[in-house]
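Chemist: please find the sequence and the predicted model below.
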Amino acid sequence: TQLLEQSPQFLSIQEGENLTVYCNSSSVFSSLQWYRQEPGEGPVLLVTVVTGGEVKKLKRLTFQFGDARKDSSLHITAAQTGDTGLYLCAGRNTGFQKLVFGTGTRLLVSP
Amino acid sequence: NAGVTQTPKFQVLKTGQSMTLQCAQDMNHEYMSWYRQDPGMGLRLIHYSVGAGITDQGEVPNGYNVSRSTTEDFPLRLLSAAPSQTSVYFCASRSGEYYGYTFGSGTRLTVV
């Protein structure tokens, strides 16, 4: 079973601060996705990265796929209370239909 | 609205009872999956399907059955509920390998 470890597990910050969440594995993935989940709801896709070294930006969120395609990071600039939620990374290997999810990072942004 | 619909939203079962969690999508997606979410363990894959008539096991398939008779529906059956199956269950679908999943809003199941 491939494992995706996320760090930190919990993060509590003030509005306006910057933060980075990490997603690491010993396995190589053909693509990696990031999701955000709010209480009582299912995860919602934020981004998919497929090329080693790829960087994608979604407003204040910056996603990077590691050169070796074993790790990824999510950086949030000037966090807002609306960013509060559970952030999940998920990776897939070529030819495999299974999507493996990380353990999650719970972010709380206070005003 | 288009999406993935799961029913019921909440369910309490007694140990040994059986039940079916329903999942339907109206996006004509080929790929569908069932995940369970437990505190500190992320989402774990139970069963998945790559099209009507085709299913396969995920990481934690024991105690669960699935079938896929149509593209739209992918029910999950608990054969004999156990307290270890207390969890939040999510159904998800996607249209292709590099596309993200669309998740349902989940079923919170408690087995007593």
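Modeler: That came in fine, so what should we check first?

Chemist: next up, the contacts around residue B:48.
Modeler: Residues in contact with residue B:48 (C-beta atoms under 8 Å, 6 or more residues apart in numbering or on different chains) are A:97, A:98, B:31, B:32, B:33, B:34, B:55, B:56, B:58. C-betas here are computed from N, CA, C, even on glycine.

Chemist: swap the cut-off to 6 Å and go again
Modeler: By C-beta atoms under 6 Å, 6 or more residues apart in numbering or on different chains, residue B:48 lies in contact with B:33, B:56, B:58.

Chemist: look up the closest residue to it, ignoring the ones flanking it.
Modeler: If the residues on either side of it in the chain are set aside, residue B:48 comes closest to residue B:33, at 4.1 Å by C-beta to C-beta, 6 or more residues apart in numbering or on different chains.

Chemist: from chain A, how far off is the residue nearest the centre of chain B?
Modeler: When C-alpha atoms, centre = their mean is applied to chain B, the residue found nearest the centroid is residue B:34 (3.0 Å). Counting by C-beta to the nearest C-beta, to the nearest Å, the separation of residue B:34 from chain A is 12 Å.

Chemist: contact partners of stretch B:32-40?
Modeler: Contacts for stretch B:32-40 (C-beta under 6 Å, 6+ apart): B:43-49, B:74, B:76, B:87-93.

Chemist: do you know the pLDDT at residue A:50?
Modeler: pLDDT for residue A:50: 90.

Chemist: low pLDDT regions in chain A?
Modeler: By pLDDT under 70, the low-scoring segments of chain A are A:1-2, A:94-97.

Chemist: at the contact with chain B, which residues of it appear?
Modeler: Within reach of chain B by C-beta under 6 Å from any C-beta of the partner chain, chain A has these residues: A:31, A:33, A:41-43, A:45, A:48, A:97-98, A:101-104.
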